[in-house]
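[1] The sequence isn't on hand, but the structure is:
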């Protein structure tokens with residue numbers, strides 16, 4: 001496979017949305033997108049593979065790749081994952097959603113999460129980021145393991161954004177990890193870290209998220 005990473009303008013796909021023009025814009029406008037994922041427009045698999053080529057360059061402990069990605073486009077598999085996702089999401093958040101609906105005010109983030117749960121199976125591509133835990137002691141702090149996987153997942157989201165796509169970062173399916181592993185045929189020792197439903201975005205323009213009082217989370221020398 002050609003490992004060169006093309007400029008978005010070089011990709012011959014019509015209707016591509018505008019993409020970031022500098023690293024700062026890319027980093028601050030790559031968001032988890034839930035409601036604005038286009039459920040109906042197919043995504044060219046070459047774009048997913050290009051984004052994963054970038055993800056492969058993410059830092060990894062000891063230079064040993066531990067991240068694996070499963071690309072799911074089969075409609076039947078996506079439908080199955082959507083059924084599992086909806087069931088697990090309702091178990092997690094259904095009562096909360098019902099309570100706020102009775103109050104008449106549903107927060108925007110909960111509204112968008114509910115929309116993703118409703119239509120998860122219709123998202124054109126599911127990218128499942130996994131870790132190879134073979135030979136690893138899974139007790140105690142696992143930062144060294146997941147630190148070799150989650151940066152690659154984030155790099156994938158950044159690359160997808162640069163290619164005119166959008167993705168959501170979700171861990172809801174981890175509540176049914178064994179069931180999902182069976183659906184995807186994951187070998188023993190392969191654990192799921194995040195699921196990244198990916199599509200073309202509806203509309204255009206992404207803004208940085210509001211991070212209130214960010215300075216309270218920055219500590220100089222000592223906490």
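    Yes, it's here. Here the structure is a predicted model, which means the values were calculated and not measured.
[2] got the end-to-end distance for stretch 159-178?
    By CA to CA, to the nearest Å, the extent of stretch 159-178 from end to end equals 29 Å.
[3] pLDDT of that stretch, averaged?
    For stretch 159-178, the mean per-residue pLDDT is 95.
[4] now swap in stretch 82-97 and tell me
    94.
[5] in stretch 102-120, what counts as buried?
    112, 113, 114, 116, 117, 119, 120 (16 or more other CB atoms under 10 Å). C-beta: built from backbone N, CA, C; applies to glycine.
[6] Residues touching it, excluding its own?
    34-35, 37, 39, 81-82, 85-86, 89-90, 93, 96-97, 100, 123, 168, 170, 172, 197 (CB atoms under 8 Å, 6 or more residues apart in numbering).
[7] Any of these buried? List them.
    Using 16+ other CB under 10 Å, the buried ones in the contacts of stretch 102-120 are 34, 37, 81-82, 85-86, 89, 93, 97, 123, 168, 170, 172, 197.
[8] Among those, which ones are in helices?
    81, 82, 85, 86, 89, 93, 97 (DSSP state H).
[9] would CSV of these with distance to residue 70 be doable?
    Formatted as CSV, these follow (distance: CB to CB, whole Å):
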residue, distance to residue 70
81, 11
82, 16
85, 15
86, 20
89, 20
93, 25
97, 29
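[10] Show me which of the residues you listed is closest to residue 51.
    residue 81 (19.7 Å; CB to CB).
[11] give the contact list for that closest one.
    Per CB under 8 Å, 6+ apart, neighbours of residue 81: 72, 120, 121, 126, 173, 180, 183.
[12] If you rank those residues by neighbours, which is first?
    Ranked by the number of neighbours (other CB atoms under 10 Å), the contacts of residue 81 place residue 120 first, at 27 neighbours.
[13] the bottom helix or strand of this protein by mean pLDDT?
    helix 143-146 (a mean of 78; mean pLDDT, DSSP states H and E).
[14] Going along the chain, name the strands of this protein.
    Assigned by DSSP state E, the chain shows strands spanning 67-72, 125-132, 166-167, 190-199.
[15] does the residue minimising distance to the centre of the chain have beta-bridge partners, and which?
    For the chain, residue 196 is the residue whose C-alpha lies nearest the centre (CA atoms, centre = their mean; 2.5 Å). On the basis of DSSP bridges, residue 196 is bridged to residue 127.
[16] before we move on, what about the one 5 residues further on?
    Legend: beta-bridge partners of residue 201 under DSSP bridges are residue 37.
[17] So it sits against residue 38, correct?
    Yes: counting by CB atoms under 8 Å, residue 201 touches residue 38, with 6.8 Å between them.
[18] Could you pull up the residues touching residue 156?
    51, 52, 54, 55, 69, 127, 129, 167, 196.
[19] Actually, residue 157.
    30, 167, 169, 196.
[20] okay, now the first one: neighbour count?
    It stands for residue 30. Neighbours of residue 30 (other CB under 10 Å): 21.
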